[in-house]
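S.K.: predicted model follows, preceded by the sequence.
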Amino acid sequence: MIREVINNFLPDNVFAQLTNDIFNSGHFPWYYVSSVAFVDDNDSDFYFNHILYEQEKSTSPWCHKILNPLLGKLNFNNIMRARVNLYTRKAEQIPNEFHIDSSENHIVGLFSINTNNGYTLFKDGTKYQSIANSIILFDGRYHHASVPQTDEKIRVNINLNLV
């Protein structure tokens, strides 16, 4: 299931540039998504995202600036999808639905931009806390769920689906 957790994944200066110049700049565009785990789940929570890469092409002018520092440190053959997620603070930590990102054999890299009490919950009960500048690598066919934070205004992470 969980292959690896790497803390302090990027050098401090690279991580600071990524967070300050992009995510904390006030100029990065976020897009509303009306459900978290499943597209047609109208009772689900909501979040914001920004798709960087999918269907074998870059879909954002921010793609390379965000992904290059991360991908240069990972061993993979292809990118299936890459996106940035932003979850808003909630009153309670109610897990969203368990899901998989794709039924294809792949690795998920989940990189945390900020530290908060939100986490990724795995079906076996394992939790991966959101800690700034850390990444978790796991089998993408393993069911997981996003659990919102209650302490910080936002939870930001970068979701990579790699083969």
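M.R.: Yes, it's here. Residues are numbered from 1 along each chain as shown.
S.K.: C-alpha from now on. contacts and neighbour counts both.
M.R.: Noted.
S.K.: quick one: the helices in the protein?
M.R.: Residue ranges of the helices in the chain, as given by DSSP state H, are 12-18, 63-71.
S.K.: of those helices, which is nearest N116?
M.R.: helix 12-18 (16.7 Å; CA to CA).
S.K.: for that closest one, buried residues please.
M.R.: F15, L18 (16 or more other CA atoms under 10 Å).
S.K.: centre of the chain to it, how far?
M.R.: Relative to its chain's centre, helix 12-18 lies at 17 Å (CA atoms, centre = their mean, to the nearest Å).
S.K.: any stretches of the chain with poor pLDDT?
M.R.: 1, 38-44 (pLDDT under 70).
S.K.: try 80 this time
M.R.: Applying pLDDT under 80 to the chain picks out residues 1-2, 37-44.
S.K.: hey, where'd the strands end up in it?
M.R.: All strands of the chain, identified by DSSP state E, fall at 2-6, 31-33, 47-54, 57-58, 79-88, 107-112, 119-122, 127-129, 134-139, 144-147, 154-162.
S.K.: and the helices of the chain as JSON lines, adding distance to L86?
M.R.: Shown next, in JSON lines, are the helices of the chain (distance: least, CA to CA, whole Å):
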{"stretch": "helix 12-18", "distance to L86": "15"}
{"stretch": "helix 63-71", "distance to L86": "15"}
